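Q: From the sequence below, what's the structure:
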Amino acid sequence: MTTSDWREGADSRPRWLALWLILIGAFILRVFHLGAGIPFAVGIDEPAIMTTVVRILKSGDFNPHFFEYPTGYIYVQLGSAIVTFLFGAMRHSWKAVEQVGPADFYFAGRLVSAAIGTATIALVYQAARRWGAQAALVAAGLMAVMPMHVRESHFALTDVPLTFVAVLTLLLSLRASERPALGAFALAGAAAGLAAGIKYNGLMAVSMPLSAVFAFERGHRPTRTAAVCVIVASCVAVFFLTTPFAILDLPAFLNGFGTQAANFGSRSESADPSWLIYARHMQLAFGWPAFVLCLAGLGLAAYQVRTGPDRVRAALLLVFPAVFFYLINGWGQMFARYALPIVPFLAVGGGIATMGIVRRLERAPIPGALRKTAVAVLIGGALVPSAIGSVQFVRQQGAETTQAQAWKWVKLNIWAGSVIVSEARRFDLPPERFRVEVVRRVSDRDPEAMAAAGVEWVILSSDAWGRRSTEDAAKIGPPPRYAPLMNRFQEMTVVIPTDVVSGPEIHILRLVRR
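A: You can find the predicted model right below:
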């Protein structure tokens, strides 16, 4: 299919309507229950970004003094925080930056991630149109309901923005391969530099524009050497534009990068191989039908690289997932979201394989009704398991928890600046509001010593109590070893899990003055 073919085939109004419906549905999935867990149970790395943003906001010092991440997305979130502060000031929520903390900006930061996540689907569609408008719609649909992407779009983290920029780099590299020009290669290289400015491993995105260089023959203008130089220069320039203190504060940058690299050492040889773990995550997220179709589509692209035509186009779809996965494979730290930038490429592969099967069905000598049923079953089988997984996540995200109920009580009844000792997990009270010490078990502490140290409140959680005997399992309240603490502090409220409220049993105690 030529460039004009896919452009002409994508112009019909029903397909654009279908795309808009996909985008609207995707956005709804990504914003539903967006505020869940704020501020007491936010994502594992969200505070690393938001505390840096608030520090810049309050100090005016744009040096993040934090280089475990580049600063590209931190500055995006800083812009979001500034807008949020201005709107909050107009609503009389605060009047000075000293009055705000990370908790005030999590929701807006998550909304940015949700919007970027939705925009990624539009880019997937645009890139996948090279393989046909119908394949592009399937790819966009797979991306829209992919539970891993839906989940990560609920948090102010770097993985969703990196995924967006990886697809942007693919799209710009495809365009550069179709119409080779130095400007096109500069844009693709700049997108790769932006990926590196969001997360260091995003530098692997430069493999796409470098691969696009081979789309034109030797002796043509621009030359391959000039194109490579432009790609590298624009990539480096945009990285330092988004992370300027990598130069201005070179020792801190090198130390931060070194610390981050040290955290991702080799995995134990006794552990399951990384590729197998990531494959399981992808299979569980996509579901078996879609996962097999995704792999089949990438396999077809690999075959096209060898046999042609359009080798470069197929290579661009494969090169980034290959080099990116090679980089993250074997890291000592593993989270499913680390592989998220690969997901759009799998989705495009799924669209290619699905429509390849559909075309074979259209040529098969079978009745039209049976053919339509087979196509519906094929596409439904690819999309429904992921859609169910995403809906289940959204419902779980919005489920009431004992931590949420305890936070409502704390917010209304414990004054700002109070000294609190807590053993509750997934219940992180905002440090800008309270002076909190988190311990493994409060029962290990001397109640009198805590009172002498100025502790005013204690939060107990059944997470810290361990298993009880069978006959005591139904009892409410801390085990006997907490008795000295219960004698010195007065129990103010208890939050108990029920059939509809999940979480640990939480007790909030206040110091009894003597």
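Q: quick one: residue 295 from residue 60, how far?
A: Remark: distance between residue 295 and residue 60 (C-beta to C-beta, to the nearest Å) = 50 Å. The C-beta positions use only the backbone N, C-alpha and C, and glycine is treated the same way.
Q: residue closest to the middle of this protein?
A: residue 152 (3.3 Å; C-alpha atoms, centre = their mean).
Q: is it true that that residue touches residue 339?
A: No - between residue 152 and residue 339 there is no contact under C-beta atoms under 8 Å: 10.8 Å.
Q: Point out where the protein drops to low pLDDT.
A: Residue ranges of the chain with pLDDT under 70: 1-12, 217-220, 265-271, 467-475, 514.
Q: quick one, domains of it?
A: Listed domain ranges for the chain are 3-35+109-259+275-398, 402-511 (source: automatic domain parsing).
Q: Which one, of those, ends up nearest to residue 72?
A: The minimum distance between residue 72 and the domains of the chain falls on domain 3-35+109-259+275-398, with 3.4 Å, by C-beta to C-beta.
Q: CSV please, covering the domains of the chain and showing distance to residue 52.
A: Shown next, in CSV, are those (distance: least, C-beta to C-beta, whole Å):
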stretch, distance to residue 52
domain 3-35+109-259+275-398, 11
domain 402-511, 14
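Q: closest to residue 81 out of these?
A: That would be domain 3-35+109-259+275-398 among the domains of the chain, by C-beta to C-beta, at 7.4 Å.
Q: The nearest residue to residue 71 once chain neighbours are set aside: what's it in contact with?
A: In space, and not counting its chain neighbours, residue 71 is closest to residue 243: 4.8 Å by C-beta to C-beta, 6 or more residues apart in numbering. Contacts here follow C-beta atoms under 8 Å, 6 or more residues apart in numbering; on that basis residue 243 touches 67, 70-72, 197, 253.
Q: ok, these vs residue 205, which is closest?
A: Using C-beta to C-beta, the contacts of residue 243 come closest to residue 205 at residue 197, 10.8 Å.
Q: Look up which helix or strand the closest one falls in, please.
A: helix 182-198 (DSSP states H and E).
Q: ok, now residue 436?
A: Per DSSP H and E: residue 436 is located in strand 435-438.
Q: residues making contact with the helix or strand where residue 22 lies?
A: Here residue 22 sits within helix 13-31, counting by DSSP H and E. The contact list for helix 13-31, computed with C-beta under 8 Å, 6+ apart, reads 111, 114-115, 117-118, 121-122, 125, 133-134, 137, 140-141, 143-145, 150, 153-154, 390-391, 394.
Q: Which among these count as buried?
A: For the contacts of helix 13-31, a burial check counting by 16 or more other C-beta atoms under 10 Å picks out 111, 114-115, 117-118, 121-122, 125, 133-134, 137, 140-141, 143-145, 150, 153-154, 390, 394.
Q: now do the same end-to-end measure for stretch 327-339.
A: End-to-end distance of stretch 327-339 (C-alpha to C-alpha, to the nearest Å): 10 Å.
Q: ok so, going back, give me the more crowded residue out of residue 295 and residue 60.
A: A direct count of neighbours by other C-beta atoms under 10 Å for residue 295 and residue 60 places residue 295 higher, at 18 against 7.
Q: Grab the nearest non-local neighbour of that one.
A: residue 349 (6.9 Å).
Q: Was I right to think the one you found contacts residue 291?
A: No - between residue 349 and residue 291 there is no contact under C-beta under 8 Å: 10.1 Å.
Q: of the two, who's got more company?
A: Ranked by neighbour count (other C-beta under 10 Å), residue 349 and residue 291 place residue 349 first, with 28 against 20.
Q: That one and residue 196: what is the separation?
A: Counting by C-beta to C-beta, the gap from residue 349 to residue 196 is 25 Å.
Q: that older thread, pick the most buried one from the domains of the chain.
A: Greatest average neighbour count among the domains of the chain goes to domain 3-35+109-259+275-398 (a mean of 20), per mean count of other C-beta atoms under 10 Å.
Q: distance of residue 503 from residue 213?
A: 54 Å.
Q: again with residue 512
A: Remark: distance between residue 512 and residue 213 (C-beta to C-beta) = 74 Å.
Q: repeat for residue 458
A: From residue 458 to residue 213 the distance is 64 Å (C-beta to C-beta).
Q: follow-up on the earlier one: report the secondary structure state of the residue nearest to residue 295.
A: Following DSSP: H, G, I helix; E, B strand; the rest coil, the label given to residue 349 is helix.
Q: quick one: stretch 28-44 to chain centroid distance?
A: For stretch 28-44, the separation from the chain centroid amounts to 12 Å (computed by C-alpha atoms, centre = their mean, to the nearest Å).
Q: Render the CA-only coordinates of the helix holding residue 197 in CSV, please.
A: Extracted C-alpha coordinates of helix 182-198, given in CSV (Å, rounded to 0.1, in the frame of the first residue of the first chain):
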residue,chain,number,x,y,z
LEU,A,182,16.8,17.4,6.7
GLY,A,183,13.9,19.2,8.4
ALA,A,184,11.9,15.9,8.8
PHE,A,185,14.9,14.1,10.2
ALA,A,186,15.6,17.0,12.6
LEU,A,187,12.0,16.8,13.9
ALA,A,188,12.3,13.0,14.4
GLY,A,189,15.6,13.4,16.2
ALA,A,190,14.1,16.2,18.4
ALA,A,191,11.3,13.9,19.4
ALA,A,192,13.9,11.2,20.4
GLY,A,193,15.7,13.9,22.5
LEU,A,194,12.4,14.7,24.2
ALA,A,195,12.0,11.1,25.0
ALA,A,196,15.4,11.1,26.6
GLY,A,197,14.5,14.3,28.5
ILE,A,198,11.5,12.5,30.1
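Q: Determine the angle, from 0 to 180 degrees, between the top helix by length along the chain and helix 13-31.
A: For the chain, the helix that runs over the most residues, judged by DSSP state H, is helix 368-398. Helix 368-398 and helix 13-31 are oriented at 20 degrees to each other (axes from the mean of the first three to the mean of the last three C-alpha atoms, to 10 degrees).
Q: Point out the other helices and strands that the next helix or strand along the chain from helix 368-398 packs with.
A: Downstream of helix 368-398, the first helix or strand assigned by DSSP H and E is helix 402-413. Using 3 or more C-beta pairs under 8 Å, 6 or more residues apart in numbering; DSSP states H and E, the elements in contact with helix 402-413 are strand 489-495, strand 506-511.
Q: among these, which is nearest residue 416?
A: Of these, nearest to residue 416 by C-beta to C-beta is strand 506-511, at 15.5 Å.
Q: partners of that closest one in the sheet?
A: Under the criterion DSSP bridges, strand 506-511 sits next to strand 457-461 (antiparallel), strand 489-495 (antiparallel) in its sheet.
Q: of these, which approaches residue 40 most closely?
A: Short answer: strand 457-461, nearest of these by C-beta to C-beta, at 10.8 Å.
Q: so how far is the closest one off the chain centroid?
A: Centre to centre, stretch against its chain (C-alpha atoms, centre = their mean), the figure for strand 457-461 is 32 Å.
Q: Now do the same for the closest residue to residue 283 other than its chain neighbours: helix, strand or coil?
A: With sequence-adjacent residues excluded and distances taken as C-beta to C-beta, 6+ apart, residue 283 is closest to residue 291, at 4.6 Å. Applying three-state DSSP to residue 291 yields a three-state assignment of helix.
Q: Residue 291 contacts residue 281, correct?
A: No - using C-beta under 8 Å, residue 291 is not in contact with residue 281; the gap is 10.4 Å.
Q: Mind checking which of the buried ones among the contacts of helix 13-31 are in helices?
A: Going by DSSP H, the helices hold 111, 114-115, 117-118, 121-122, 125, 133-134, 137, 140-141, 143-145, 150, 390, 394 from the buried ones among the contacts of helix 13-31.
Q: Do you have the strands of the stretch 251-400 of the chain handy? List them.
A: When assigned using DSSP state E, counting those that start in this stretch, the stretch 251-400 of the chain turns out to have no strands.
Q: So which residues of it form helices?
A: Assigned by DSSP state H, counting those that start in this stretch, the stretch 251-400 of the chain shows helices spanning 274-286, 288-307, 311-328, 343-363, 368-398.
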